[in-house]
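**Student:** predicted model follows, preceded by the sequence.
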Amino acid sequence: MRRLAFVGLLACSAIAPTLPVAGAAPQTVIESKTPLRERDVIFVPTREPVANAMVKLANITKNDVVYDLGCGDGALVIAAAKTGARVVGVDIDPERIKEATEKVRAAGVQSRVTLIRGDIFDPALKISDASVVTLYLLQSLNEKLMPRLKKELKPGSRVVSHAFSMGDTWPAEKTEEVDGTTIYFWTIK
């Protein structure tokens, strides 16, 4: 059996992850200086069929850099990493990051994953290198993130959300019903 090494928590003043590459060192977890606070939403795991459908709808490939904002237990992180994409998962809850770390290792995709214990609204969190952003937040939080997504992501970047839209000001380009829920898709213009 192969032993997996682990790079522990790293302190950082600005949250600009060193993105993993296939065959690189094992998974990294970055501890931001974001103060601990209550989550904006209750944690509800993304079911595997939904995570897989989101990956498919966003057309995630090995050439993508995916940011999962509010990554929870890592279901979307794992689904995206299985395509060969480089993935960054961000969550404010240390328990969710711990759970995601364990699940990422168990899935064997740690060489393509960086997890950040931090606040998705922290301006120090740099998302500009993402070609895909995945979300499972409330509509109000999606709407709060919308200006940042439109400003920081490059044209052609894709955004996919589980269960919640961006409201009437940014209608989804595509929607799909999967396993009793709706997923939404947008492209940055």
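**Tutor:** Ah, there it is. Numbers count the residues shown, from 1 in each chain.

**Student:** distance between stretch 136-148 and the chain's centre?
**Tutor:** 14 Å (CA atoms, centre = their mean, to the nearest Å).

**Student:** what comes into contact with it?
**Tutor:** If you take CB atoms under 8 Å, 6 or more residues apart in numbering as the criterion, stretch 136-148 is touched by 40-41, 44, 46, 69-70, 72, 76, 120-121, 127, 135, 161-167, 169-170. The way it works is simple: take the backbone N, C-alpha and C, and place the C-beta from them, glycine included.

**Student:** which secondary structure element contains the residue most central in space within the chain?
**Tutor:** Taking CA atoms, centre = their mean, the centroid of the chain lies closest to D68, which sits 0.7 Å from it. Per DSSP states H and E: D68 is located in strand 65-69.

**Student:** what strands flank that strand, and is each parallel or antiparallel?
**Tutor:** strand 86-91 (parallel), strand 132-135 (parallel) (DSSP bridges).

**Student:** out of those strands, deepest packed?
**Tutor:** Among the strands paired with strand 65-69, the stretch with the highest mean neighbour count (mean count of other CB atoms under 10 Å) is strand 86-91, at a mean of 29.
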